[in-house]
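Peer 1: The sequence isn't on hand, but the structure is:
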């Protein structure tokens, strides 16, 4: 029974660890810009898909390489998610600054687009989008250096948009008719994918009569590394100082000469990159699909709310607590634990499914927020009112 | 209104030295549809201290915020050191050499005093990011030296004001913009702050644009501009600032 509890705790903590990496990014972005990014889950999903692609690439390279694809996958997941995050910030969120409802809707829309994108992405789509971007944004960039751009801007866009779109669609059509299935087949499709861990991550560390799976140990270690790296980045580097300053007082920071737009872009990219790393980690916990992000985003938001905004310690505690409680209830460990006491055991058995566990965690969180509305570690002192 | 303020501005121009650090002309600023600043003209010559006086709510802070770039004027031009900066963002203006000490100090609360000071370095153009604070800051404001590791938000009002001025000086500005630096501060600290500002002007040769209600401080400026209902209504040399003008524009 003790082994069961330990096993439950360990698995819960490893899920909490994934939540923590994702929630860190979300918390930093929310703290800095007040932006609630509903596409955060999809950035995780992109990280997971990146891992899948990297894994396939390394499989082709053969045995000694395949053992270490994870490290490359982590870096790539970070870069891909950070890149998409950067485009999202520059292209969408920047224009909606100070309008939380519109931001919420827009990021939700982006999350739907990204989900469908991974379902239907194929060579035709990629080539089409690349051609469009190259023609349209490339053209704008070239014209941007002309001094009279502001006068002719609307006119230029009105001409360039249909031309670029037309050329892109025509090329895509031509490609799909010439090469047929070779280019129109989706890369991933709608089904779930499985990432297979390298040999050294399979199996587990035996302790007594239960095993600590290496994959989960790896995830916990990765989380500790990420938290430490973020802490050092925020507390010890010039950009960290800038981020903290802008988070607390945006207009004064600008008056001091801090380029707030750059800080926003960098922070958003960083938060998105962390989501990518989290996505890489979830790919070791189970199969990943286009909806993977959705499963995690609600939990991630709960972590941010329970932890208290702007407090990394709170985020850490909340992530571990929510991950563990969720798993302990959902897996039926608690029901097993209380087996001798019949009514309690029945009560926990009733909640021992994934969805019912979530109901219970929600109820607990609501009760908790009644007692401490500011989260685990609310801001204290003179500065609260300021 | 327009013609009188123009005439006053021209008179001020005629008697001032040729080199102008800051030149504001024909500035109109709105909050939504309410007209706050009306055709404001103002000059700050190099190396001089200019004081802006007027009662509460006449638009002094709005003018400073517009100079800093926090508010966008609907019309008018702001020229700093010969460059037109009307379209520039606050951080670009800070980098050009405008140091801003806002009303209410705006110390970043959850950063230490040292980190607050280091943020001042952001405004330097050749930012090498040396993590150290020059000694002359502590000569001006000795009280800060013992507080480097405390949180900015935990300091008293007077200490925060000194920190805010020190932070602005860290960027080596050519123009220091001070918004009511003596507001809500005990008299002995007011004298310290006044002395510090005087020493800064003398040693660094920078210009200062000051908004102030405290008469003793106002009298130390070279020239004054008086504001009423969003426009400049009087200006001149402070030594000629008569009691009648003070009665009209300062006393409530």
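Peer 2: Received it, and whenever you're ready, just let me know what you need. Since the structure is predicted, the reported quantities are computational estimates derived from the model, not experimental observations.
Peer 1: From here on, just use CA atoms for contacts and neighbour counts.
Peer 2: Fine.
Peer 1: how close does residue A:194 sit to residue A:58?
Peer 2: 15 Å (CA to CA, to the nearest Å).
Peer 1: Strands along the chain, start to end?
Peer 2: Unless you meant another one, I'm taking chain A. Taking DSSP state E to define them, one finds strands in chain A at A:204-207, A:210-213.
Peer 1: The intended chain is chain B.
Peer 2: In chain B, the strands defined using DSSP E lie at B:20-31, B:34-45, B:49-53, B:75-80, B:83-84, B:98-101, B:175-179, B:207-211, B:223-228, B:231-237.
Peer 1: Show residues contacting the fifth one.
Peer 2: Going back to what we said before, that points to strand B:83-84. B:77-78 (CA atoms under 8 Å, 6 or more residues apart in numbering or on different chains).
Peer 1: so what pLDDT did residue A:69 get?
Peer 2: With respect to pLDDT, residue A:69 has a value of 90.
Peer 1: which residues does it contact?
Peer 2: A:54-55, A:58, A:198.
Peer 1: give me every residue that touches the residue in the stretch 101-250 of chain B positioned nearest to chain A.
Peer 2: The stretch 101-250 of chain B approaches chain A most closely through residue B:123 (4.6 Å), counting by CA to the nearest CA. Residue B:123 sits next to A:256-258, B:91, B:94-97, B:171-173 when contact means CA under 8 Å, 6+ apart.
Peer 1: Most distant residue from the centre of chain B?
Peer 2: residue B:149 (27.4 Å; CA atoms, centre = their mean).
Peer 1: and the strands of chain A as a markdown table, adding mean neighbour count, distance to residue A:232 and mean pLDDT?
Peer 2: Formatted as a markdown table, the strands of chain A follow (neighbours: other CA atoms under 10 Å in any protein chain shown; distance: least, CA to CA, whole Å; pLDDT from 0 to 100):
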| stretch | mean neighbour count | distance to residue A:232 | mean pLDDT |
| --- | --- | --- | --- |
| strand A:204-207 | 12 | 31 | 80 |
| strand A:210-213 | 16 | 29 | 81 |
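Peer 1: now those as CSV including distance to residue A:35?
Peer 2: As requested, the strands of chain A are arranged in CSV below (distance: least, CA to CA, whole Å):
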stretch, distance to residue A:35
strand A:204-207, 40
strand A:210-213, 37
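Peer 1: Any idea which of those gets closest to chain B?
Peer 2: Of all the strands of chain A, strand A:210-213 comes closest under CA to the nearest CA, at 40.4 Å.
Peer 1: what's in contact with the closest one?
Peer 2: Contacts of strand A:210-213 (CA under 8 Å, 6+ apart): A:3-4, A:7, A:10, A:201-206.
Peer 1: any idea which of the strands of chain B is most buried?
Peer 2: strand B:98-101 (a mean of 30; mean count of other CA atoms under 10 Å in any protein chain shown).
Peer 1: That one and chain A, any residue contact?
Peer 2: Yes: interface with chain A: strand B:98-101 contributes B:99-100 (CA under 8 Å from any CA of the partner chain).
Peer 1: Direction included, what does that strand pair up with?
Peer 2: Paired with strand B:98-101 in the same sheet, following DSSP bridges, are strand B:175-179 (parallel).
Peer 1: Just want the angle from the strand it pairs with to strand B:20-31.
Peer 2: For strand B:175-179 against strand B:20-31, the angle between stretch directions is 40 degrees (axes from the mean of the first three to the mean of the last three CA atoms, to 10 degrees).
Peer 1: same question for strand B:175-179, mean pLDDT?
Peer 2: 95.
Peer 1: cool, stretch A:355-366 as well?
Peer 2: So the average pLDDT for stretch A:355-366 ends up being 90.
Peer 1: now that stretch, how far from the chain's geometric center?
Peer 2: Counting by CA atoms, centre = their mean, to the nearest Å, stretch A:355-366 is centred 22 Å from the centre of its parent chain.
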